[in-house]
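K.L.:
Sequence first, then the predicted structure:
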Amino acid sequence: MKQMTITPAAAPDPRKENPAMEQAFIQARGADVFYGDKQALFGIDLDIEEKRVTSLIGPSGCGKSTFLRAINRMNDLIPICRFDGSLTIDGQEVYDPAVDVVALRAQVGMVFQKPNPFPKSIFENVAYGLKIHGMTPSKSEMADRVEWSLKSAGLWDEVADRLDQPGNSLSGGQQQRLCIARTVAVAPKVILMDEPCSALDPIATAKVEDLIDSLREHYTIVIVTHSMQQAARISQRTAFFHLGKLIEVGNTKDIFTNPREEQTQNYITGRIG
Amino acid sequence: MQATPHIMSRYDKDLGKLKRRILSMGTQVIDQMADATEALDQFDAKEVDRLVAFDRTINGMHQDIYTRSERLIALRQPMALDLRQVLLPINIAHELERIGDHAKSTAKRARILAEREPSQPACDKVREMSEKVQAMLAEALRAYDESNVELAATVRETDLTIDQINKDVFAMQVATLSDTPEDVEANVHLILLARGFERAGDHVVNIARHVHQIVTGIDLKASD
């Protein structure tokens, strides 16, 4: 099976010298998704820029989660689901039959709506991802990697003295940050988030949002959210989906202050569209 | 972009109430200016006192609009068109409050000019300015009420006429002061009155700009 090999993020970025060279890190062209006979996405053309947070917004059933799950082929887990079109990450076709989907999902991590820690210790929750992806460094290297991941997720100071305790003994917000630590441990290039704060209180939400803001320095983040305010707070780009179509994508400040499309305006202002 | 109703109908009621407050404040400022200008011709001490005191009512309306807008921002967290519909009335109310200040100032000058004999041609010009500013303001409020950017653009253009009359008054008064320097104070007051109406016209232009921004999202002052 073909491995996804994505250019290391630390490489010099020629786009800064020459904006004309700019090419989207994630690029969808004519992306259709079907659940059996029912079409869920219609010809999505969307560019997602590297090391930025892109929010996908839209009413329930609009296709935003379907699109998110298409990026790391999570939809493959649904037998009746079919993808047509093109979706590339760093120029490589995600739906190339030769792509190793397990390797793809290591490069494109995912955080879900409800925190889903494994029934293991805090330490093992983070180390587990490294093990299943065959990244098994020495014991001391593993400890360093777990510490780094927990620090990256802003959780280290809260759990450093109880790494052997069950992951599900943490609060909801801490569990979600543990899941983020587990995701970043395997050094992905992209992190997909499907309503990661919908089950959290405002304080835990603020901590996760602050974390997302710091993570974008190293990762390309795509987040589905139903909170307009959250999309406005944390993302630099916002895409509005409606009835399976991409209606508008643009800079977040433009989408939330002066959107081009009436459908976008009606949705973000809670109007009858 | 035509605004369709909100799913939360109460939100539309609150926005409608805010708009009606602005329109009411604007109408009362027009009346205040008309009455103050009339006092220049037919001085009535009680009426002038009432006009000066009425400025506090206008200031209160300004504060009320600010409070309503603040509450809507806190409770509704508006975005895009909604945000502009809530935020820019604060600016419009501020402009109206400043126009009200000019009306009060006009009333006070009426008290001074009642005891003197200012140049009649200049008085006529000042009265013309006042009437034009009142008409401009009425049109600006109509543009706001109807979300009419074309009308708002017409209002901005009308201000050129006001500026020209102000220059005319200044030139007339310079000539008057040179030829007949008997009542310097009264004629300087006329220059200041004209300048006040010219400033009031500028505030109306700002209101028209705010209307443009509410409807289009484009801040004309920033893009100038």
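P.N.:
Happy to help now that I have it.
K.L.:
how far out from the middle of the chain is the helix or strand harbouring residue A:203?
P.N.:
Take DSSP states H and E as the rule and residue A:203 turns out to sit in helix A:202-215. The chain centroid and the centroid of helix A:202-215 are separated by 14 Å, computed with C-alpha atoms, centre = their mean, to the nearest Å.
K.L.:
Looking at that helix now, give me its mean pLDDT.
P.N.:
For helix A:202-215, mean pLDDT rounds to 93.
K.L.:
swap in stretch B:84-100?
P.N.:
Per-residue scores along stretch B:84-100 average to 98.
K.L.:
Chain A contacts on chain B?
P.N.:
B:1-8, B:11, B:77-83, B:216-218 (C-beta under 8 Å from any C-beta of the partner chain). Any C-beta I mention is one placed from the backbone N, CA and C, and that applies to glycine too.
K.L.:
Weed out the non-buried ones from these.
P.N.:
B:1, B:3, B:6, B:11, B:78, B:79, B:80, B:81, B:82, B:83, B:216, B:217 (16 or more other C-beta atoms under 10 Å in any protein chain shown).
K.L.:
And the furthest pair within the residues you listed?
P.N.:
B:11 and B:216 (21.6 Å; C-beta to C-beta).
K.L.:
In chain B, what helix or strand scores lowest on average pLDDT?
P.N.:
Of the helices and strands making up chain B, the lowest-confidence element is helix B:220-223, at a mean of 80, by mean pLDDT, DSSP states H and E.
K.L.:
sorry, back to before: could I get the buried ones among the residues of chain B next to chain A as a markdown table with secondary structure?
P.N.:
Formatted as a markdown table, these follow (DSSP: H, G, I helix; E, B strand; the rest coil):
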| residue | secondary structure |
| --- | --- |
| B:1 | coil |
| B:3 | coil |
| B:6 | strand |
| B:11 | helix |
| B:78 | coil |
| B:79 | coil |
| B:80 | helix |
| B:81 | helix |
| B:82 | helix |
| B:83 | helix |
| B:216 | helix |
| B:217 | coil |
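K.L.:
Closest one of those to residue A:133?
P.N.:
residue B:79 (40.7 Å).
K.L.:
Please tell me how far the closest residue to residue B:183 other than its chain neighbours sits from chain A.
P.N.:
In space, residue B:183 comes closest to residue B:116 once its chain neighbours are excluded; the distance is 5.5 Å by C-beta to C-beta, 6 or more residues apart in numbering or on different chains. Residue B:116 is 53 Å from chain A, where distance means C-beta to the nearest C-beta, to the nearest Å.
K.L.:
Dihedrals phi and psi, residue B:116?
P.N.:
Dihedral angles of residue B:116 (phi, psi; degrees, to the nearest 10) stand at phi -130, psi -180.
K.L.:
number of nearby residues for it?
P.N.:
When counting by other C-beta atoms under 10 Å in any protein chain shown, one arrives at 12 neighbours for residue B:116.
K.L.:
Tell me which residue of chain A lies closest to chain B.
P.N.:
residue A:258 (3.2 Å; C-beta to the nearest C-beta).
K.L.:
show me the contacts for that residue.
P.N.:
Going by C-beta atoms under 8 Å, 6 or more residues apart in numbering or on different chains, residue A:258 touches B:80, B:216, B:217, B:218.
K.L.:
Looking at those, spot the one nearest chain A.
P.N.:
Nearest member of these to chain A, counting by C-beta to the nearest C-beta, is residue B:217, at 3.2 Å.
K.L.:
Now the residue lying closest to the closest one once chain neighbours are set aside. Its backbone dihedrals?
P.N.:
Among residues not flanking residue B:217 along the chain, residue A:258 sits closest, at 3.2 Å (C-beta to C-beta, 6+ apart). In terms of degrees, to the nearest 10, the main-chain angles of residue A:258 are phi -150, psi 70.
K.L.:
Need the pLDDT of residue A:258.
P.N.:
93.
K.L.:
Report the separation between it and residue B:208.
P.N.:
19 Å (C-beta to C-beta, to the nearest Å).
K.L.:
how about the contacts of residue A:258 in a markdown table, adding pLDDT and distance to residue B:91?
P.N.:
As requested, the contacts of residue A:258 are exported to a markdown table (pLDDT from 0 to 100; distance: C-beta to C-beta, whole Å):
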| residue | pLDDT | distance to residue B:91 |
| --- | --- | --- |
| B:80 | 95 | 17 |
| B:216 | 96 | 15 |
| B:217 | 95 | 15 |
| B:218 | 94 | 15 |
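K.L.:
Output the residues you listed in CSV; the columns should cover distance to residue A:30.
P.N.:
Below are these laid out as CSV (distance: C-beta to C-beta, whole Å):
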residue, distance to residue A:30
B:80, 29
B:216, 33
B:217, 31
B:218, 34
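K.L.:
All the helices of the stretch 51-200 of chain A, residue numbers only.
P.N.:
According to DSSP state H, counting those that start in this stretch, the stretch 51-200 of chain A carries its helices in the segments A:64-71, A:101-107, A:122-132, A:139-152, A:156-159, A:172-185.
K.L.:
Please identify the buried residues of the shortest one?
P.N.:
When you say that, I think you mean helix A:156-159. A:156, A:158, A:159.
K.L.:
ditto for the second one
P.N.:
Residues A:103, A:104, A:105, A:106, A:107 are the ones in helix A:101-107 that count as buried (16+ other C-beta under 10 Å).
K.L.:
got the contact list for the fourth one?
P.N.:
The reference is to residue A:106. With C-beta under 8 Å, 6+ apart, residue A:106 has these contacts: A:129, A:133, A:186, A:188.
K.L.:
Kindly recompute the last result at 10 Å.
P.N.:
A:3-4, A:72, A:100, A:129-130, A:132-135, A:183, A:185-189 (C-beta atoms under 10 Å, 6 or more residues apart in numbering or on different chains).
K.L.:
Derive a ChimeraX selection command for the buried subset of these.
P.N.:
Only the buried entries of the contacts of residue A:106 go into this ChimeraX selection, using 16+ other C-beta under 10 Å:
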select /A:4,72,129,130,133,135,183,185,186,187,188,189
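K.L.:
For the residue nearest the centre of chain A, which non-adjacent residue is spatially closest?
P.N.:
Geometric centre of chain A, nearest residue: residue A:192, 1.2 Å, by C-alpha atoms, centre = their mean. Residue nearest to residue A:192 in three dimensions, not counting chain neighbours: residue A:110, with 4.5 Å by C-beta to C-beta, 6+ apart.
K.L.:
And for residue B:63, the neighbour number?
P.N.:
12.
K.L.:
now for the helix or strand harbouring it, which elements pack on it?
P.N.:
Using DSSP H and E, residue B:63 maps to helix B:45-76. Packing contacts for helix B:45-76, counted by 3 or more C-beta pairs under 10 Å, 6 or more residues apart in numbering or on different chains; DSSP states H and E, involve helix B:9-41, helix B:80-113.
K.L.:
Let me have those helices in TSV, extended by distance to residue B:182.
P.N.:
Below are the helices and strands packed on helix B:45-76 laid out as TSV (distance: least, C-beta to C-beta, whole Å):
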stretch	distance to residue B:182
helix B:9-41	20
helix B:80-113	15
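K.L.:
in the sheet, who's paired with residue A:39?
P.N.:
Beta-bridge pairing of residue A:39 under DSSP bridges involves residue A:34.
K.L.:
sorry, back to before: in the helix holding residue B:63, which of the residues would be classed as buried?
P.N.:
Result for helix B:45-76 [16+ other C-beta under 10 Å]: buried residues B:47-48, B:51-52, B:54-55, B:58, B:61-62, B:65, B:68-69, B:72, B:76.
K.L.:
Next: stretch A:53-65.
P.N.:
A:53, A:54, A:55, A:56, A:57, A:58, A:62, A:63, A:64, A:65.
K.L.:
Distance check, the last one against residue A:249.
P.N.:
Put plainly, it is residue A:65. In terms of C-beta to C-beta, residue A:65 sits 17 Å off from residue A:249.
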